[in-house]
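Peer 1: Quick one, what's the 3D model for this:
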Amino acid sequence: MVDLTPHNTLRLPAKAEKLVEINSKEQAKKAFKSGVFESPHLILGLGANVLFTKDFPGSVILTKIHGQKLIKETSDFVQVEFGAGENWDRVVRQTVDNDWSGMENMVMIPGTVGAAAVGNIAAYGQNQEDIFVSLKALNLKTGKFEVFKKKDMEFTYRESLLKNKLAGQYLVISVTYQLSKVTHLELSYHTSRHASLLPELQKIAQKPYTIRDVSQAVINMRSEKLPDITKIGTAGSFFKNPLVDTSLANTIKAKIPDLQLYPADKLSYIDPNSSEPQVKIPAGMLLDYLGWRGKRIGDVGTYPTHALIICNFGQATGPQVYEFSQSMKQDVKNNFGINLDYEVVTI
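Peer 2: Model (predicted):
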């Protein structure tokens, strides 16, 4: 058995029968021929979005494919292919250094490029899917390499084809993104009713803002509100922001006057049978209202500045973290009638 504690950012103890590192396209093909994908397997990048509640009865595949390749360049944009194992935060900072616009709001999100595409990450109004061009992956049933264009990926809120319908059936090799050489800042999210970057931007820079300014503002705010993943075990946001009918949102807003309401676009779970418009509301504000921010039971607790971030403050176990998260879910259900969905993958 292999220890998985170093391979999940919650630093939870778990074991797997086997650990396989994939460092190249050729190694991926070799692993397929060895039959490793025929038995139970779990594909991990940095393990930044997974909760191990038990040992994994099979092989854990670590995606370590690095490299960057310029695919196309014009006076307006570049298309760059990144290895699936590239560190997402490092890639974002490199694009900012190159004055390529499109990723700067998504700085400091832990994980790999492959995981970012599969999980369809987003932050402060920027969405991974908006710069996505294509993805190369190994079909784990046929052993053939396939290309998925944007239209193939079925991107929705924090979801994609490879996360849902085809989960576990493909190993991502690389992802190609298109970034603008002409600065296009995403500032629509920076309004008084959202978690605004504007006050931070005004403190550190003057108009016209640059992508470096925006990136630094995000870094400052995330550093202040979120735990240092190198020091505290965390998997980031544990729950998705729920989608609710407008009437329920207004009822909750009567209890929480500063409740933020977000447009219900790009969401996979919009109820077509709903008789009224739906809006997305922040799970963190619901949990904060119920007193979960900074709450701790033993070595499991939420971060003092963010109720949506569950942390391992010492020697917590997967079952303890899961039980804590279930208590959070039940509290929200009892008080607001809302079922929170996990953003982390639970094993």
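
Peer 1: pLDDT weak spots in this structure?
Peer 2: For the chain, applying pLDDT under 70 flags the ranges 188-195, 264-275.

Peer 1: center of it - which residue?
Peer 2: Geometric centre of the chain, nearest residue: I121, 4.5 Å, by CA atoms, centre = their mean.

Peer 1: quick one: contacts for it?
Peer 2: Applying CB atoms under 8 Å, 6 or more residues apart in numbering to I121 gives the contacts W88, M106, I109, G111, N127, Q128, R158. Placement of C-beta: from N, CA and C, glycine included.

Peer 1: Equivalent analysis for L44, please.
Peer 2: When contacts are counted by CB under 8 Å, 6+ apart, L44 touches H7, N8, V50, V60, I61, L62, T63.

Peer 1: Now do the domain split for this protein, please.
Peer 2: 68-135+171-180, 233-346 (automatic domain parsing).

Peer 1: For the closest residue to V50 other than its chain neighbours, the count of nearby residues, please.
Peer 2: Spatial nearest neighbour of V50, chain neighbours left out: V345 (4.9 Å); criterion: CB to CB, 6 or more residues apart in numbering. When neighbours are counted by other CB atoms under 10 Å, V345 registers 16.

Peer 1: okay but V113 is in contact with G83, surely?
Peer 2: Yes - V113 lies in contact with G83 (CB atoms under 8 Å); the separation is 6.9 Å.

Peer 1: the more surrounded of those two?
Peer 2: V113 (29 against 23).

Peer 1: Roughly how far does the more buried one sit from N49?
Peer 2: Per CB to CB, to the nearest Å, V113 is found 14 Å from N49.

Peer 1: before we move on, what about N120?
Peer 2: With CB to CB as the criterion, N120 and N49 are 12 Å apart.

Peer 1: just L259 next, same as before
Peer 2: Taking CB to CB, one finds L259 at 26 Å from N49.

Peer 1: Quick check: next helix or strand after the top strand by length along the chain?
Peer 2: The single longest strand within the chain, with elements called by DSSP state E, is strand 170-180. Proceeding N to C from strand 170-180, the next assigned helix or strand is helix 198-204, under DSSP states H and E.

Peer 1: From the chain's centroid, how far away is the helix or strand that that following helix is followed by?
Peer 2: Downstream of helix 198-204, the next assigned helix or strand under DSSP H and E is helix 211-225. Centroid displacement of helix 211-225 relative to its chain, using CA atoms, centre = their mean, to the nearest Å, is 17 Å.

Peer 1: Now do the helix or strand following helix 211-225: everything it contacts.
Peer 2: Per DSSP H and E, helix 211-225 leads on to strand 233-237 as the next helix or strand towards the C-terminus. Outside strand 233-237, the residues that touch it by CB under 8 Å, 6+ apart are 8-12, 48-51, 109-110, 226-227, 283-284, 303, 308-313, 316, 343-344.
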